[in-house]
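Visitor: here are the coordinates; sequence isn't available:
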């Protein structure tokens, strides 16, 4: 095989310099001539009826436009189309938008909100999914499709494989637990933003939007505004954090477009940090009831899962996370039988969206906790039970996932050895250390959920030998532009500084389903390779003709096309010029649309949904202060099956960022609500971790060279946070010999658990208990 | 509301500006690390800000020492305190408190005067100064100075014994010939930076050559409307020799430390947690003696 010059090498992100030098243009930096500034009035109460009067606000100098539900002709938005853009007469959650203002300055826009008169009639509201399912519970969402046995069920999933009864019969130990997972948020450094520019002359709408899925967004926006999708052009400015938060379209986006359409002037809307906490999506909070068994030899026999998800007032993509959650339960480690039920229930809480990991951190937490308990119950080592049941190459799981390659065992073995897991003993005294183990399975080659999981690419070479990649995929900070440029450099022998990536404009770029499911390097990379293959056929033909050699014998390197056997070479740029300027006058351009080999799942959710699968294991060492309950995460050993390392520097970035997000999920982050109201919409009380909290992260890449991936690579982006909370919880339980069933493991929760355990066991090593 | 900012450079200019502002609604600030979040949250409730950050008077902006005392200017930053070698040596509790305050960035601008005048029960520097029984030197617009012992300085949540025409000019730490045996600040919180104390403990204890405790100051933060000086606990340990610190005595001291506290339950922790964690860290600190 040819030695790779670019792939596998640590090239810095090509946009690193503009980003760190302040030259990068984020949505907040856009200024258009004659631009207005928008602001949204949200409800004061999470559940209420209201009347609104905007006349006084309308008369304020500098206020150009105010809209309420009565002023616009639009369709509801969201995954289930159950979300009105502006609410009319009644509100269902504390985010609800009831009016919007466009004014000459941001200050005037916000001032105008104070002059809008709203009279509320407060209603009790329902804030617990269990309450919402009671027979006499009121219908929370008036637009609910009402497809299920209760009006407040927004979505349901049922999945099963294997003979559950027989698998239970064979079990010598069974563990059953109910776990509670919190609501956390993405906390993107750039707050949500949009600049809308409607041209009344031609009826076209230009949006500078920080979406992750521009083509789905274009379609959703068109549906909302009753427009033709092609009349809407989406340009993505540089995005300051995605992590899944920009998968759904939210009301502020069509609202901003409506303000521009009404005024005929550009309108910009930027969230404040408080608004970002309040009105941007969250991870799904849920209760997971898991019962699992093991046979006498330690083989996993069955898993029975019941999940109750708080859907909030409207249904976002977040309601579909059971697609991913069920994969963990059906297919992470070999298991004979699985029965899975999940229900998402409307409440008057805020709605969740998609978040890196897409339900998998929750599922993995429950599953890996129960595996530790099963191991204890049958007296087997926690590492041995995992190795015994690990997934294997060539395996087709009960759900129909096919593992063409599989690094699960290697990942587990690596972190077990590197962390000293087997040798670690629980200590005595105030500070106790423990190592916990967890692994994960996630899609690594896209996920066939939408009609296509594909990506289009156009690649061209200009007469000066520079290459332009026009990719359907986009950059949200993950480094995909750099990886695409490296692939083109590798294949075409053109250095990175002569490669441009165009990927921000829906009027220009070919279709792609968007950035999610850890798919971009895999899908867009394969798409680019396809386009380059076609382009090279054209170039080869011309180069062979010019050098009078065979087309089958050519290589690209150092701006040249070489003929291996004859030793002849020709300048790549010259070849392009000859293509362009001599008959038959052809462009050095090629298009390709790549569709992964994955399948749609059947109605029972069975089928090979991804082009490939990623595996990872983490062993995490913590030290718990038994005086305060504080957890210090000391070492995080991460082994991840990445297929093939494309760029070790960017890969490290994904691992470090993901792990820290996982540590926050485990020990500190939590949105605190009281009856639908958010109590901590700020970094002061929402404990996002800081640079000072970063543990030692030891990363070991496991390369399994998947034939499906570009150069053998798999998707890597979501995996690093998925097993982190599970491994930390297992470490804490091992260090203190106690059980936890809830995240995050705040100092108070840990200390409470210690005292509860002390009451039970008379543990003398913690100090005297203060009466509650 | 539009905010007028007055930025005097010399102390006479400062005092004259302070004098002129009497009877008006105004605020003083230097690092603005407490003020900016307040302005964002509720907007400015006052039209004039007297900015102390440009004043060049070294007594006010620096840390000076003589044989009797260390004089910390009201405008000295947490960063200046944590880097000060004499403070590190003689008053580690203060150095540790400054080091654990907020974050590296905030420590560059947050001042001693601000920490005292905000009078938050969770003020870290204030808690350490309480254990050290510091003296607060106030300077009035008329140019007169008066010294208030820190134990009489805090009168309630966000309330102090200062008059409207006074500012914190210096904090005075009297030197002792005794080297501290134990001088430590323990902060309880979730994060390792950008954390506001959930509960905190300051202790500064000095012994004679025979290991008998001659002076002791113990203070706790975030456990009552103001930072609390734990005199009962100090009384228990005064005159005790280090070898007398049995687990029973440590438990007695810890009980005495939590006795005057009345913590609240809020978003960051329950009253139970604050009390329990304070008890536990108190016991642990004295067990280490």
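Guide: Received it, and whenever you're ready, just let me know what you need. Computed from a prediction, not measured in an experiment: that's the story for all the values here.
Visitor: Tell me the residues of chain A that contact chain B?
Guide: Taking C-beta under 8 Å from any C-beta of the partner chain as the test, the list of chain A residues beside chain B reads A:430, A:626-630, A:667-668, A:672, A:679-680, A:683-685, A:687, A:689-693, A:746-748, A:751-752, A:755, A:766-770, A:772. Glycine gets a C-beta too; all of them are placed from N, C-alpha and C.
Visitor: Which positions in the stretch 101-250 of chain B make contact with chain A?
Guide: Counting by C-beta under 8 Å from any C-beta, the residues of the stretch 101-250 of chain B near chain A are B:103, B:188, B:189, B:190, B:191, B:192, B:193, B:194, B:196, B:198.
Visitor: for the last one, what are its contacts?
Guide: Taking C-beta atoms under 8 Å, 6 or more residues apart in numbering or on different chains, we find residue B:198 in contact with A:747, B:122, B:188, B:189, B:190, B:222, B:268, B:269, B:273, B:274, B:277.
Visitor: okay, residue A:293: pLDDT?
Guide: Confidence per residue is given as pLDDT, and for residue A:293 that number is 98.
Visitor: One more: the one 4 residues further on?
Guide: Predicted confidence (pLDDT) at residue A:297: the value is 97.
Visitor: now that we're looking at it, how far away is residue A:406 from it?
Guide: Taking C-beta to C-beta, to the nearest Å as the criterion, residue A:297 is separated from residue A:406 by 21 Å.
Visitor: Could you do residue A:241 as well?
Guide: Here the criterion is C-beta to C-beta. By it, residue A:241 lies 32 Å from residue A:406.
Visitor: So for these two, which sits in the more crowded spot?
Guide: residue A:406 (23 against 16; other C-beta atoms under 10 Å in any protein chain shown).
Visitor: For the more buried one, give me the backbone phi and psi.
Guide: Reported as degrees, to the nearest 10, the phi and psi values for residue A:406 are phi -160, psi 110.
Visitor: distance of it from residue A:332?
Guide: Where residue A:332 is concerned, residue A:406 sits at a distance of 12 Å (C-beta to C-beta).
Visitor: how about the contacts of residue B:198, which pair is most distant?
Guide: Farthest apart among those by C-beta to C-beta are A:747 and B:122. That separation is 15.3 Å.
Visitor: helices or strands next to the helix or strand hosting residue A:384 in the packing?
Guide: Taking DSSP states H and E as the criterion, the element that holds residue A:384 is helix A:382-389. Using 3 or more C-beta pairs under 8 Å, 6 or more residues apart in numbering or on different chains; DSSP states H and E as the contact criterion, the neighbours of helix A:382-389 among helices and strands are helix A:360-378, helix A:408-419, strand A:431-443.
Visitor: Which helix or strand in the chain has the lowest average pLDDT?
Guide: Looking at chain A here, since you left the chain open. For chain A, scoring each helix and strand by mean pLDDT, DSSP states H and E identifies helix A:747-761 as the least confident one, at a mean of 89.
Visitor: if you could check chain B rather than the one you did, that'd help
Guide: Of all the helices and strands that make up chain B, the one with the lowest confidence by mean pLDDT, DSSP H and E is helix B:35-42; it has a mean of 88.
Visitor: what about it and chain A, any contact?
Guide: Yes. Contact between helix B:35-42 and chain A, assessed by C-beta under 8 Å from any C-beta, occurs at residue B:37.
Visitor: For the residue of the stretch 451-600 of chain A found nearest chain B, list the residues it contacts.
Guide: Residue nearest to chain B within the stretch 451-600 of chain A (C-beta to the nearest C-beta): residue A:477, separated by 22.4 Å. Counting by C-beta under 8 Å, 6+ apart, residue A:477 touches A:239, A:240, A:241, A:242.
Visitor: Any stretches of chain A with poor pLDDT?
Guide: Filtered on pLDDT under 70, chain A yields the residue ranges A:1, A:762-772.
Visitor: quick one, what contacts the most centrally placed residue in it?
Guide: With the centre of chain A defined as its mean C-alpha position, the nearest residue by C-alpha atoms, centre = their mean is residue A:356, 2.7 Å away. Each residue near residue A:356 by C-beta under 8 Å, 6+ apart is listed here: A:186, A:243, A:244, A:658, A:661, A:717, A:718, A:721.
Visitor: go again using 10 Å as the cut-off
Guide: Residue A:356 makes contacts with A:186, A:242-245, A:283, A:516, A:518, A:657-658, A:661-662, A:717-722, as judged by C-beta atoms under 10 Å, 6 or more residues apart in numbering or on different chains.
Visitor: Out of those, list just those in helices.
Guide: Using DSSP state H, the members of these that fall in helices are A:657, A:658, A:661, A:662.
Visitor: Hmm, residue A:480 and residue A:710 touching each other?
Guide: No. With the criterion set as C-beta atoms under 10 Å, residue A:710 and residue A:480 do not qualify as a contacting pair; they are 11.5 Å apart.
Visitor: Give the residues shared as contacts by these two.
Guide: Counting by C-beta under 10 Å, 6+ apart, the residues touching both residue A:710 and residue A:480 are A:521, A:524, A:525.
Visitor: so what's residue A:340 bridging to?
Guide: Residue A:340 forms beta bridges with residue A:159, residue A:305, as assigned by DSSP bridges.
Visitor: burial count for residue B:242?
Guide: Other residues lying near residue B:242 total 15 when counted by other C-beta under 10 Å.
Visitor: again with residue A:278
Guide: Other residues within reach of residue A:278, judged by other C-beta under 10 Å, total 18.
Visitor: do the same with residue A:10
Guide: Residue A:10 - counted by other C-beta under 10 Å - has 11 other residues nearby.
Visitor: Spatially, what comes nearest to it if we skip its sequence neighbours?
Guide: Taking C-beta to C-beta, 6 or more residues apart in numbering or on different chains as the measure, residue A:10 lies nearest to residue A:649, with 3.9 Å between them; neighbours along the chain are not counted.
Visitor: Which positions in whichever helix or strand the one you found is part of come out as buried?
Guide: With secondary structure defined by DSSP H and E, residue A:649 is part of helix A:648-667. Of the residues in helix A:648-667, A:650-651, A:653-667 count as buried by neighbour count, 16 or more other C-beta atoms under 10 Å in any protein chain shown.
Visitor: Tell me the one of the ones in helices among the contacts of residue A:356 nearest chain B?
Guide: Within these, proximity to chain B (C-beta to the nearest C-beta) peaks at residue A:661, which comes in at 14.6 Å.
Visitor: Alright, I will stop here.
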